[in-house]
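>>> give me coordinates for this.
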Amino acid sequence: MSAPPRTELENALAVCKGSFLSVGFFSFFVNLLMLVPSFYMLQVYDRAVGSGSLSTLLMLTLIMLLLMITLGGLEWVRSRIMVRISTRLETLLGQRLFDASFKQALNTGGMNASAQPLSDLSNLRQFLTGNGLFAFFDTPWIPIYLAVMFIFHPWYGWLGVISALLLVGLAYINDKLTNSPLHAANREHMAATTFTNKSLRNAEVVESMGMLGQLRQRWSVRVHKVLSLQSTASDRAGAISAISKTFRQIVQSLVLGLGAYLAIQHEISSGLMIAGSILLGRALAPIDQLIGAWKGFIGARSQYDRLHELLEKISAEPQRMSLPAPQGAVSVQNLSVAPPESRKAIIRGLTFDVAAGESVGIIGPSGSGKSTLARALLGIWPPIAGSVRLDGADITQWRRDELGPHIGYLPQDIELFEGTISENISRFASLDAQAVVAAARMAGVHELVLQLPEGYDTVIGANGGGLSGGQRQRIGLARALYRQPRLVVLDEPNSNLDDIGEKMLAQALHKLKQSGATVFVITHRPNVLAHVDKLLVLNNGDLAMYGPLKQVWAKLQNTQQAAANAEPTSAQQ
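Now for the predicted structure:
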């Protein structure tokens, strides 16, 4: 049976395999040189003190200093390698995780919009550069240290083995007692952070309607739960850590007593008495270090699991062949679309065709699926059945970075990004001043921008701070019209516009028609419909009417008139 393919996270770690092996190689010499203090003490007592030779003491000291300086250099080198590993992981996974976070937000309609994966990668990198990880490289040396203790004296060896087993048992108990509450605390902390971010994004609503107290109470409940779980885990880990350190200090004292007894019995020298105590402390240090770093290890393991799950759930976009620039012909066949993470279709079985250069108005009551259709036309929400084709190719077959410049989209909720107005209009691509001004003129916002203190260089916040809803909408419209895209979808483009804005929108629709763009306009206001060729009527997710504007409008008016005439009759009956 062939092994399952490695995930992207595993591949990234595999790329760093050579560096991990280098750390292991240096760890070999680091731990070998860790024996120097014990043997130095042994030689000082047995040779220098025993013979009374100052020259021997001097040479032993010089050799010890040289080896310890070498030890320090090797530890510095392996720490630098781990820093390079963490940097390489960021290089290999950073952009991929950014894209996966974006895709996750897109697939969930923004409900799970979070930078947590990038934070997890950063925290995982920090763990790799910390001292806790080196305990895992030093742990395999414990049997070697214990073997040397057996060489010193069997009783030393057995005391070391029993002590190591007890400390390993404490590490296992520590894992069992702290793993579950720490995982639960991490989940609650993420949920509390998400809740807080959503509350802050709606600060105006919260303030205006006096909701702060209720939201604070909900936040407080979550935070107290996090604190309770973290406190439980910390109390348990602290108790185990205290027991571990106390036990190690007791054992190191007992080994001195054991050494003294053996020396009195003339079974070992006085040098071995001191050297045995130092060596036992070194043998048990990695276990004690593991217990101290266990909380960080559990956190890193949780971060690894979340990253692994995300990268498995959201695969990388496949490399697609480039297609010619679109002309704008749209064909919708038996289209059914449901919101992200739902199988309940909002629009069902839609079929219609739009020739390149045609403009279509989309109307219908609230909740009929107009915005859902807009997202499907742009390939934002994938269909659960049917297809949307642009110039004969399924909308999902296009390379998004190549298709994007030919798409113009104005959503209901205008989101501007931190940067200048010119950067927002140019979509943060290479700034083309002439194209920016042309788009602004087309959207009727050029004169408005010139009145701002810094003109097109005016810096706006993520929420378009300092701009009115109508101004944001017109700047968003300019962004949608940048470089004259071939497919334009405008979702309620006049919802925040005054009379002047309405007039500018009508001019923009006229210019779009002249440019040959295919335009979809979703609206509740009938005055915009005078500038479209066709009308599409949705009703409860179904295609009620579709065709030339005048025909559909007349049919719609007749239907409404007939319904109005029928109401008095029904009332009389």
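>>> just the CA trace of the strand or helix carrying residue 547, in PDB.
Per DSSP states H and E: residue 547 is located in strand 542-548. Provided in PDB are the C-alpha atoms of strand 542-548 (Å, rounded to 0.1, in the frame of the first residue of the first chain):
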ATOM      1  CA  ASP A 542     -36.900  31.600  -9.700                       C
ATOM      2  CA  LEU A 543     -36.700  33.300 -13.000                       C
ATOM      3  CA  ALA A 544     -40.100  35.000 -13.400                       C
ATOM      4  CA  MET A 545     -39.500  37.000 -16.500                       C
ATOM      5  CA  TYR A 546     -36.600  37.800 -18.900                       C
ATOM      6  CA  GLY A 547     -36.400  39.600 -22.200                       C
ATOM      7  CA  PRO A 548     -36.200  43.000 -23.800                       C
END
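>>> need the next SSE after the helix or strand containing residue 149, C-terminal direction.
Per DSSP H and E: residue 149 is located in helix 142-152. Using DSSP H and E, the next helix or strand after helix 142-152 towards the C-terminus is helix 154-201.
>>> what about that following helix, average pLDDT?
Looking at helix 154-201 alone, the average pLDDT works out to 80.
>>> now swap in stretch 257-268 and tell me
83.
>>> do the same with stretch 83-90
Rounded mean pLDDT across stretch 83-90 is 87.
>>> what sits up against that stretch?
Residues from elsewhere that reach stretch 83-90 (CB atoms under 8 Å, 6 or more residues apart in numbering): 12-13, 15-16, 19-20, 23, 121-122, 124-126, 128-129. Heads up, the C-betas are built off the backbone N, CA and C, glycines and all.
>>> hmm, 7 Å instead?
The contact list for stretch 83-90, computed with CB atoms under 7 Å, 6 or more residues apart in numbering, reads 12, 16, 19, 121, 125, 128-129.
>>> may I see the buried residues of it?
Of all the residues in stretch 83-90, those buried under the rule 16 or more other CB atoms under 10 Å are 85-86, 89-90.
>>> which of those residues fall in helices?
Residues from those lying in helices, with DSSP state H as the criterion: 85-86, 89-90.
>>> could I get the residues you listed as JSON lines with distance to residue 453?
Formatted as JSON lines, those follow (distance: CB to CB, whole Å):
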{"residue": "85", "distance to residue 453": "48"}
{"residue": "86", "distance to residue 453": "43"}
{"residue": "89", "distance to residue 453": "44"}
{"residue": "90", "distance to residue 453": "38"}
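>>> in a strand, residue 352, correct?
Yes. Under DSSP: H, G, I helix; E, B strand; the rest coil, residue 352 falls within a strand.
>>> tally up the residues packed near it, please.
Residue 352 has 15 neighbours, counted by other CB atoms under 10 Å.
>>> got a list of what it touches?
Listed by CB under 7 Å, 6+ apart, the contact set of residue 352 reads 332, 536, 543, 546.
>>> just say helix, strand or coil for the first one.
Pointing back at residue 332 there. Under three-state DSSP, residue 332 falls in the strand class.
>>> that one reaches residue 347, doesn't it?
No. The criterion here is CB atoms under 7 Å, and residue 332 misses it with residue 347 at 9.8 Å.
>>> where are the low-confidence patches of this structure?
Along the chain, the model assigns pLDDT under 70 to residues 1-5, 108-114, 201-208, 292, 462-465, 567-573.
>>> element containing the residue nearest the centre of the chain?
Centroid check for the chain by CA atoms, centre = their mean gives residue 117 as the closest residue, at 2.5 Å. Taking DSSP H and E as the definition, residue 117 sits inside helix 116-128.
>>> in that helix, what counts as buried?
Neighbour counts using 16+ other CB under 10 Å place 116-121, 124-125, 127-128 of helix 116-128 among the buried residues.
>>> residue 307: how many residues sit nearby?
24.
>>> likewise the one 5 residues further on?
Other residues near residue 312 number 11, with proximity taken as other CB under 10 Å.
>>> how close does it sit to residue 6?
Residue 312 sits 11 Å away from residue 6, going by CB to CB, to the nearest Å.
>>> now residue 425
Distance from residue 425 to residue 6, by CB to CB: 43 Å.
>>> these two: which has the busier surroundings?
For residue 425 versus residue 6, the count of surrounding residues by other CB under 10 Å is larger for residue 425: 29 against 11.
>>> that one contacts residue 479, correct?
Yes. At 5.1 Å, residue 425 counts as touching residue 479 under the criterion of CB under 7 Å.
>>> if we can go back for a sec, tilt between the helix holding residue 117 and helix 154-201?
Using axes from the mean of the first three to the mean of the last three CA atoms, to 10 degrees, the direction of helix 116-128 lies 150 degrees away from that of helix 154-201.
>>> may I have the following helix or strand past helix 116-128 as CSV, with CA atoms only?
On the C-terminal side of helix 116-128, the closest following helix or strand by DSSP H and E is helix 134-138. Extracted in CSV, the C-alpha atoms of helix 134-138 (Å, rounded to 0.1, in the frame of the first residue of the first chain):
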residue,chain,number,x,y,z
PHE,A,134,16.2,22.1,21.8
ALA,A,135,15.0,19.8,24.6
PHE,A,136,13.8,17.4,21.9
PHE,A,137,17.2,17.4,20.3
ASP,A,138,18.9,16.9,23.7
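>>> which residues touch helix 134-138?
Residues contacting helix 134-138 (CB under 7 Å, 6+ apart): 23-24, 27, 31, 286, 289-290, 293.
>>> swap the cut-off to 10 Å and go again
When contacts are defined by CB atoms under 10 Å, 6 or more residues apart in numbering, helix 134-138 is touched by residues 20, 23-24, 26-28, 30-31, 34, 75, 78-79, 82, 145, 282-283, 285-294, 297.
>>> any of those residues buried? List them.
20, 23, 26-27, 30-31, 34, 75, 78-79, 82, 145, 282-283, 285-294, 297.
>>> list the buried residues for stretch 315-327?
Buried residues in stretch 315-327 (16+ other CB under 10 Å): 326-327.
>>> could we number from 45 for the rest of this?
Okay, residue one is now 45; in that scheme the one you just asked about reads as stretch 359-371.
>>> ends of it, what's the gap?
Counting by CA to CA, to the nearest Å, you get 30 Å between the two ends of stretch 359-371.
>>> how far does it sit from the chain's center?
The chain centroid and the centroid of stretch 359-371 are separated by 25 Å, computed with CA atoms, centre = their mean, to the nearest Å.
>>> ok, stretch 74-94 next?
With CA atoms, centre = their mean, you get 51 Å for stretch 74-94.
>>> and if you look at stretch 121-135?
That offset, for stretch 121-135, works out to 21 Å (CA atoms, centre = their mean).
>>> repeat for stretch 69-88
The answer for stretch 69-88 is 43 Å, by CA atoms, centre = their mean.
>>> now residue 387: which helix or strand?
Using DSSP H and E, no helix or strand contains residue 387.
>>> which ones are touching it?
Applying CB under 10 Å, 6+ apart, the residues near residue 387 are residue 428.
>>> got the phi/psi numbers for it?
The phi and psi values for residue 387, taken as degrees, to the nearest 10, are phi -110, psi 0.
>>> same check, this time on residue 565
phi -120, psi 120.
>>> circling back to that earlier point, list the residues that contact both of residue 469 and residue 523?
Residues touching both residue 469 and residue 523 (CB under 10 Å, 6+ apart): 460, 480, 483-484, 487.
>>> tell me the buried residues in stretch 467-484?
Residues of stretch 467-484 classed as buried by neighbour count (16+ other CB under 10 Å): 467-470, 479-484.
>>> ends of it, what's the gap?
Counting by CA to CA: the opening and closing residues of stretch 467-484 are 12 Å apart.
>>> now residue 423. Nearest residue, chain neighbours left out?
residue 439 (3.9 Å; CB to CB, 6 or more residues apart in numbering).
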